[in-house]
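**Q** No sequence on hand, only this structure:
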């Protein structure tokens, strides 16, 4: 529910200086900025905050922290293989950001990329998250 709003808050919190540090480090390193990086650190979601503005923002820096949901990310030991990982287009993207993410998929680019999974649960179910992770890992390894 309202994931776009949460992601907008997260982007603002991740780049409190409006992306200035990322831009400076790329410039100093002589590196070009990738289009996705430019999109992530650009207005309207990212702006240069002074200290007072930062204090007004909530202090969470990830969507699940924002929702106060426990989560765990873990590697599966599997790798992307376009011969079996067939992309199925969704009926309708859930948002403009979802449409953008879908447009980035290219099976050839992701060939051999490690596959990780994430388990999430509602508040106060940290043990459930870890138990689910354990079950999923045992299934994958069997």
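**A** That came through fine. Owing to the predicted nature of the structure, the values given are computational and were not obtained by experimental measurement. Numbers count the residues shown, from 1 in each chain.

**Q** State the helix or strand in which residue 72 lies.
**A** Using DSSP states H and E, the element containing residue 72 is strand 71-79.

**Q** ok, and the helix or strand in this structure with the lowest average confidence?
**A** Counting by mean pLDDT, DSSP states H and E, the weakest-scoring helix or strand in the chain turns out to be helix 51-56, with a mean of 74.

**Q** Tell me the helices and strands packed up against the next helix or strand after that one.
**A** Using DSSP H and E, the helix or strand that follows helix 51-56 in sequence is helix 63-67. Applying 3 or more Cβ pairs under 8 Å, 6 or more residues apart in numbering; DSSP states H and E, we find helix 63-67 packed against helix 3-14. All C-beta atoms are positioned from the backbone trio N, CA, C, and that covers glycine.

**Q** Please identify the buried residues of the helix it packs on?
**A** Buried residues in helix 3-14, counted by 16 or more other Cβ atoms under 10 Å: 6, 9-13.
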